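Undergrad: Okay, predicted coordinates and the sequence, questions at the end:
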Amino acid sequence: MKRITGIMASGLVLALASGPASAGSPVGEFSANMTATSDYVWRGVSQTMEDPAIQGGIDWSHDSGLYAGVWASNVDFGDAADIEMDLYGGFTGEAGGFSYDIGYIYYSYPDDQNGINFSEVYTSVGRDFGIASVTAGLAYGFGYAGGVGKSWYPTLDIEVPLGNTGLSAAGHIGYYSFTNDSDYTEWSLGLTMPFKGLDLSLSWHDTDISGDDQADSRLVFAISRSLDSASRDDKTGGMFPGEFSASLDLTSDYVWRGVSQTMEGPAIQASLDWSHDSGLYVGLWATNVDFGRPGEKASLEIDYYGGYSGEINGIGYDIGYNYYSYPSDQSNSNFGEFYASLSHDIGPASATVGVYWGNNNPGGVGDSWYPYLDIEAPIPLNGPVGLSVAGHIARYSFNNSADYTEWSLGVTASVFSIDMTVAWHDTDLSRADLGGNNDVANGRVVFTLGTGF
């Protein structure tokens, strides 16, 4: 969980923040953070069996110091749990040159059947001494799963700017103690460099736990993005062309081409893109997955893509290639597709027609075609809320498997840089087409919170 000072979920970090509702707004402001990590390390121990994770959160804060938020990550404990969702709230401020934070967090695992949900209260005090900033924190757990009892977790974090280089070094140490289990100490050291609105970090993590591969030492590379870093006028990356952007979505169900990829469970999804004025772009997009297959180890999907986009005579075009990968999967589910699309504003609506072509898809289905049509139209409203409706229909066809049609209809409200979407998804797939289980492809309502930066 990224909010608590001194409690480090380490890895390849991408942080973003959306703009405020308005300066000094009585309703507060929203922000978001996102993380793509090579290993979700929490208090020194991997939460993903040393595999990558995608993480992110959406926060609300008020000038009074009150805040609340939700944060999520894929996880892999070797059991049914494949997503963690944390709810938290608290109060933060400054007094006498010291910053402080106090709050409550609830850690939940929606698809787990073993009752591992738990909660903590936390507090921290920090001070910037110029040459270094120091933060001391403490979290108290009311009762952790597995019979370990109540817990205490004191921490100390130090960050040191390295002159005018923009570089900074950070150190962290924490001691995790339980009433009914072995205590342990964990620590980390890191270096951060700003680069073209991003922060590039390299950190080393270790614990004094012996005989556990999930708690041994490791190096972690990090890329972060925040409102501060994006607006920073740093001197690095000045000769590097193009620009970076990011997105974050929290959704009640990852539906891809009409079929749930998370066994109807929630998902955290995020992307990082680089684009150039010429029209060239590359990026990556990631989400947690759960295919529900016996022995299936895939818990994360990472897509890598690149292409070229532009506009001719008012018609937009996009052509590229997307590679779908599942890093922890052992059944060779990876595959790639070429894609192309054309788009045009038609009066009050915009329409996009496109096609994907896949070569030798996994599972013996052979080559595939996926033509689709998307239509989106804004609904004129006065005030801070933007409203739009969107419709989608597509046909997924294979050389060696049953073809099917899928469609969706959704409404999106945009408030204070946060997009809130309610969408209906359905297909014409039958129970026989899905081996007796069409629950993952039947009609459903999906709720999504998203933002971009």
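TA: Now that the structure is in, tell me what you want to look at.
Undergrad: What residue spans form the domains of this protein?
TA: As recorded under automatic domain parsing, the domains making up the chain are 9-231, 254-452.
Undergrad: Nearest to residue 243, out of the ones you listed?
TA: The closest of the domains of the chain to residue 243 is domain 254-452. By Cβ to Cβ, the value is 6.3 Å. In this view, the C-beta of every residue, glycine as well, is placed from N, C-alpha and C.
Undergrad: Distance from the closest one to the middle of the chain?
TA: Using Cα atoms, centre = their mean, to the nearest Å, the mean C-alpha position of domain 254-452 is found 16 Å from that of the whole chain.
Undergrad: Check stretch 241-255 too.
TA: 7 Å.
Undergrad: any idea which of the domains of the chain is most buried?
TA: domain 9-231 (a mean of 18; mean count of other Cβ atoms under 10 Å).
Undergrad: what pairs with residue 199 across the strands?
TA: Counting by DSSP bridges, residue 199 is bridged to residue 194, residue 224.
Undergrad: same deal with residue 101?
TA: Beta-bridge partners of residue 101, as defined by DSSP bridges: residue 92, residue 124.
Undergrad: From residue 418, how far out is it?
TA: 23 Å (Cβ to Cβ, to the nearest Å).
Undergrad: re earlier: so can I have CSV of the domains of the chain showing distance to residue 244?
TA: Formatted as CSV, those follow (distance: least, Cβ to Cβ, whole Å):
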stretch, distance to residue 244
domain 9-231, 6
domain 254-452, 6
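Undergrad: right, so of those, which gets closest to residue 240?
TA: domain 9-231 (5.5 Å).
Undergrad: any idea of the pLDDT on residue 19?
TA: The per-residue pLDDT reported for residue 19 equals 44.
Undergrad: hang on, the earlier thing: need the least confident one among the domains of the chain, by mean pLDDT.
TA: Of all those, mean pLDDT reaches its minimum on domain 9-231 (a mean of 86).
Undergrad: And it, how far out from the chain middle?
TA: Taking Cα atoms, centre = their mean, one finds domain 9-231 lying 14 Å from the centre of the chain it belongs to.
Undergrad: The nearest residue to residue 378 once chain neighbours are set aside pairs with what?
TA: Once flanking residues are discounted, residue 378 sits nearest to residue 388: 4.7 Å by Cβ to Cβ, 6 or more residues apart in numbering. Assessed by DSSP bridges, residue 388 has beta-bridge partners residue 378, residue 412.
Undergrad: dump the residue contacts of residue 388.
TA: Contact analysis of residue 388 by Cβ atoms under 8 Å, 6 or more residues apart in numbering lists 376, 377, 378, 379, 411, 412, 414.
Undergrad: cool, residue 423 as well?
TA: Contacts of residue 423 (Cβ under 8 Å, 6+ apart): 390, 408, 409, 410, 411, 445, 446, 448.
Undergrad: still on that earlier bit, which one of the domains of the chain lies closest to residue 242?
TA: Closest among the domains of the chain, using Cβ to Cβ: domain 254-452, at 4.2 Å.
Undergrad: picking up where we left off before, tabulate the contacts of residue 388 (CSV), appending distance to residue 178.
TA: Listed next are these as CSV, based on distance: Cβ to Cβ, whole Å:
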residue, distance to residue 178
376, 52
377, 56
378, 54
379, 54
411, 47
412, 45
414, 45
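Undergrad: Let me know the closest of the residues you listed to residue 137.
TA: residue 414 (35.4 Å).
Undergrad: hang on, isn't residue 75 packed against residue 48?
TA: Yes: if you go by Cβ atoms under 8 Å, residue 75 and residue 48 touch, sitting 6.0 Å apart.
Undergrad: Mind listing the shared neighbours of those two?
TA: Overlap of the contact sets of residue 75 and residue 48 (by Cβ under 8 Å, 6+ apart) consists of 40, 299.
Undergrad: Might you report the residue contacts of residue 263?
TA: 111, 290, 291, 292, 440.
Undergrad: And the first one, how far from residue 199?
TA: In this structure, residue 111 and residue 199 are separated by 32 Å, where distance is defined by Cβ to Cβ.
Undergrad: show me where the stretch 201-350 of the chain has strands.
TA: 218-224, 243-251, 255-256, 259-260, 267-275, 280-288, 300-312, 315-325, 335-346, 349-361 (DSSP state E, counting those that start in this stretch).
Undergrad: Need these in a markdown table (columns: distance to residue 37).
TA: Shown next, in a markdown table, are these (distance: least, Cβ to Cβ, whole Å):
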| stretch | distance to residue 37 |
| --- | --- |
| strand 218-224 | 7 |
| strand 243-251 | 14 |
| strand 255-256 | 22 |
| strand 259-260 | 24 |
| strand 267-275 | 11 |
| strand 280-288 | 10 |
| strand 300-312 | 10 |
| strand 315-325 | 16 |
| strand 335-346 | 24 |
| strand 349-361 | 28 |
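Undergrad: nearest to residue 54, of the ones you listed?
TA: Of all the strands of the stretch 201-350 of the chain, strand 280-288 sits nearest to residue 54, with 4.0 Å by Cβ to Cβ.
Undergrad: and the angle for the closest one with strand 300-312?
TA: Using axes from the mean of the first three to the mean of the last three Cα atoms, to 10 degrees, the direction of strand 280-288 lies 150 degrees away from that of strand 300-312.
Undergrad: Now do strand 280-288 against strand 243-251, angle only.
TA: 30 degrees.
Undergrad: For strand 280-288, name the packing helices and strands.
TA: strand 53-61, strand 66-74, strand 267-275, strand 300-312 (3 or more Cβ pairs under 8 Å, 6 or more residues apart in numbering; DSSP states H and E).
Undergrad: would you list those in CSV and tack on distance to residue 167?
TA: Converted to CSV, those look like this (distance: least, Cβ to Cβ, whole Å):
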stretch, distance to residue 167
strand 53-61, 25
strand 66-74, 28
strand 267-275, 22
strand 300-312, 29
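Undergrad: Residue 396 is nearest to which of those?
TA: Of all the helices and strands packed on strand 280-288, strand 300-312 comes closest under Cβ to Cβ, at 17.1 Å.
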